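**Q** Model the structure of this input:
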Amino acid sequence: MNQLKKSLKAVARDLKKLTQKTDKMLKRLGKLEKAQAAKKPKAKAVKKAVAKKPAKLSASGTVLAIVKRSRKGIDTATLKKKTGLEDKKIRDITYRLRKQRKIKKDRKGVYVKA
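**A** The predicted structure is shown next:
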């Protein structure tokens with residue numbers, strides 16, 4: 001029983017020391033916060049705008065751009081050469097663009113901008 005009392009007293013003494021240390025640390029922290037609050041924030045450096053890389057066009061965007069650039073219209077064979085896409089893909093894209101009324105059919109296999 002005596003040993004238990006001594007141990008509890010030792011623990012209580014250590015806890016008091018720890019409490020005192022934490023109080024000191026809190027006071028220091030308060031002083032540091034006040035010191036930092038008193039300082040004026042520095043003006044931020046102005047960042048230069050970074051030139052963005054142009055986003056890659058989708059296949060539809062590429063075909064639409066090519067059709068818009070052509071004056072007399074462009075046929076599917078030329079689209080195939082310029083884009084490197086397959087016939088089926090070009091047919092699908094031109095169909096979709098026609099339905100969206102972005103291009104129109106001039107004659108069989110020739111497309112112009114709408």
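
**Q** any idea where the strands of the chain begin and end?
**A** Secondary structure of the chain, counting by DSSP state E: strands at 74-75, 103-107, 110-113.

**Q** The last one: how far from the chain's middle?
**A** So the one you mean is strand 110-113. Remark: strand 110-113 is offset 37 Å from the chain centroid, using Cα atoms, centre = their mean, to the nearest Å.

**Q** can you check the longest one too?
**A** Offset of strand 103-107 from its chain centre (Cα atoms, centre = their mean): 39 Å.

**Q** Check which helices and strands that strand sits against.
**A** If you count contacts as 3 or more Cβ pairs under 8 Å, 6 or more residues apart in numbering; DSSP states H and E, strand 103-107 packs onto helix 87-99, strand 110-113. Heads up, the C-betas are built off the backbone N, CA and C, glycines and all.

**Q** Keeping just the C-alphas, turn the shortest one into CSV.
**A** Right, the one you point to is strand 110-113. What follows is strand 110-113, C-alpha atoms only, in CSV (Å, rounded to 0.1, in the frame of the first residue of the first chain):
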residue,chain,number,x,y,z
VAL,A,110,-18.8,16.3,-101.2
TYR,A,111,-19.3,18.4,-98.1
VAL,A,112,-19.3,22.1,-97.5
LYS,A,113,-19.8,24.2,-94.4
